[in-house]
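Q: Build the 3D model from these lines:
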Amino acid sequence: MTIIYQEEDGDLAYLTGKTIGILGYGNLGRPLALNLRDSGIRPIVGVRDAERGAQARADGLRTGDIDVITQESDIILMMIPDEAMPQVYLDLVAPSLKRGNMLVFSSGYNITFGFIEVPPFVDVGLIAPRTLGASVRERYLDGRGFYSFVGVGQDMSGIAWPTLLALAKAIGALKAGAVEVSMEQEAELDLFIQQAILPILHLVITTAANLLLNLGYPPEAAFLDLYISGELRDYLDKAGEAGLMSALRLSSLTGQYGVLSRLTRFKDLKLERLMELTLEEIRNGEFSKEWSKEYADGYRRLKNLLKEQEQLDIWEMEQQTLDILKGRFLL
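A: Below you'll find the model as predicted:
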């Protein structure tokens, strides 16, 4: 049975007297640090560059080198990008770990695929927000909270779970609800969404845009109806609130009939098989090895792929549409 944790499951008393260090002050590290600060817990921040350090100090937080912050901390949040984390861990974190420390990751990636092996004398936890870093901060401030995955990969102390839940509460990760998963499940699910769902969504939208533009539909109308208006986002928001079928029911009867009567037209046995192959590459470690090589190569293929996509004519028309609509619609 799946366990979902709520606010009442976290007791901040488990953080009393403990120093919390955050390694990395970027996309997610900064929102988590600010949420902790506003919950009455002032973390210390380990940084690798002067700009991030200056930003953390401007936010009222004490900074230091990563190895120093690790030595001073009881709970260490690893907020360094996945591909860079193993070397930083090996050089600066591992030598400074003490018995009883707790390492907390926002992704199970490096543990799952063996890039980081933690010693047996520390606790290992997972708090993985299921939203963007900016939304982690925004939803903390407006009281909505955000959904998260939580898990314990190693419980040396015997109190890893209550400590983890206290930390999750302090950063706002229990407000909406936190689902218990393993480190492996979190990593595999995250990569699967990135590699099997988002590519399809990207391809569907760009294919539709090109078709409509080639048939003479005004770019302003085509892009607006496809995604700029936010109707698609609203549809998914409603699905998140009440379920996918409930969101469909909110459409007009014409819309409902159009979706359901044409659904089978787009069913393709190859799609399921492609998803299976994608998941297999994730689970057997093939993708993680590929990504490690890409990082070592200075992201050369990624840069080429981005350049190739950015050269498509559709993006120029998209930007022109956005420029025209800005100031006329609330974008």
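
Q: What segments of the chain are strands?
A: 4-5, 20-23, 44-46, 62-64, 75-78, 102-105, 123-129, 148-154, 178-180 (DSSP state E).

Q: I'd like those as a markdown table, with mean pLDDT, distance to Pro95 and mean neighbour count appended.
A: For glycine as for every other residue, the C-beta is placed from the backbone atoms N, C-alpha and C. Shown next, in a markdown table, are the strands of the chain (pLDDT from 0 to 100; distance: least, CB to CB, whole Å; neighbours: other CB atoms under 10 Å):
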| stretch | mean pLDDT | distance to Pro95 | mean neighbour count |
| --- | --- | --- | --- |
| strand 4-5 | 96 | 33 | 16 |
| strand 20-23 | 98 | 14 | 25 |
| strand 44-46 | 97 | 14 | 26 |
| strand 62-64 | 96 | 16 | 16 |
| strand 75-78 | 98 | 13 | 25 |
| strand 102-105 | 98 | 14 | 26 |
| strand 123-129 | 97 | 17 | 24 |
| strand 148-154 | 97 | 19 | 22 |
| strand 178-180 | 96 | 32 | 21 |
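
Q: show me the contacts for the spatially closest residue to Lys18 that is not a sequence neighbour.
A: Leaving aside its sequence neighbours, Lys18 sits nearest to Asp74 (CB to CB, 6 or more residues apart in numbering; 4.2 Å). Asp74 sits next to Lys18, Thr19, Ile20, Gly100, Asn101, Met102 when contact means CB atoms under 8 Å, 6 or more residues apart in numbering.

Q: and the fourth one, how many residues sit next to it?
A: Residue neighbour count, defined by other CB atoms under 10 Å, stands at 12 for Gly100.

Q: OK, contacts around it?
A: Gly100 touches Asp74, Phe121, Val122, Asp123, Met156, Ser157, counting by CB under 8 Å, 6+ apart.

Q: Now, these that are in helices?
A: Cross-referencing the contacts of Gly100 against helices under DSSP state H gives no overlap.

Q: Closest one of those residues to Ile171?
A: Lowest distance from Ile171 to these (CB to CB) belongs to Asp74, with 16.1 Å.

Q: roughly how far apart are the residue nearest to Lys18 and Gln154?
A: According to CB to CB, to the nearest Å, Asp74 stands 16 Å off from Gln154.

Q: same thing with Asp313?
A: Counting by CB to CB, the gap from Asp313 to Gln154 is 51 Å.

Q: got it, and Val68?
A: 24 Å.

Q: Tyr217 too?
A: Tyr217 is 56 Å from Gln154, by CB to CB.

Q: ok, now Ile22?
A: Plainly put, Ile22 is 20 Å away from Gln154 if you go by CB to CB.

Q: again, but for Ser292
A: From Ser292 to Gln154 the distance is 23 Å (CB to CB).

Q: Over to Leu271?
A: 38 Å.

Q: Same question for Arg262.
A: 49 Å.

Q: what's the answer for Phe287, then?
A: Phe287 is 24 Å from Gln154, by CB to CB.

Q: Can you give me the pLDDT of the residue nearest to Pro86 when sequence neighbours are not counted?
A: In space, and not counting its chain neighbours, Pro86 is closest to Phe115: 4.2 Å by CB to CB, 6+ apart. On pLDDT, Phe115 comes in at 96.

Q: From Leu90, how far out is Phe115?
A: For Phe115 relative to Leu90 (CB to CB), the value is 9 Å.

Q: and what of Arg233?
A: From Arg233 over to Leu90 (counting by CB to CB), the distance is 41 Å.

Q: These two - which one has more neighbours?
A: Neighbours were counted for Arg233 and for Leu90 using other CB under 10 Å; Leu90 has more, 13 against 10.

Q: Tell me how many other residues crowd the closest residue in space to Leu260 that isn't next to it in sequence.
A: The spatially closest residue to Leu260, leaving aside those adjacent along the chain, is Leu248, at 7.9 Å (CB to CB, 6+ apart). Using other CB under 10 Å, Leu248 has 15 other residues around it.

Q: Repeat that for the one 3 residues further on.
A: Taking other CB under 10 Å as the criterion, the count of residues near Ser251 is 14.

Q: just the one 5 residues further on next, same as before
A: Neighbourhood size, Gln256 [other CB under 10 Å]: 14.

Q: With Arg144 instead?
A: The burial count for Arg144: 12, using other CB under 10 Å.

Q: Looks like it contacts Gly172 (just checking).
A: No. Contact criterion CB atoms under 8 Å: Arg144 and Gly172 do not qualify, at 9.0 Å.

Q: which helices and strands does the lengthiest helix in the chain pack with?
A: In the chain, with assignment by DSSP H, the single longest helix is helix 198-214. Packing partners of helix 198-214 (3 or more CB pairs under 8 Å, 6 or more residues apart in numbering; DSSP states H and E): helix 219-223, helix 313-325.

Q: ranking those by mean pLDDT, which is last?
A: helix 313-325 (a mean of 86).
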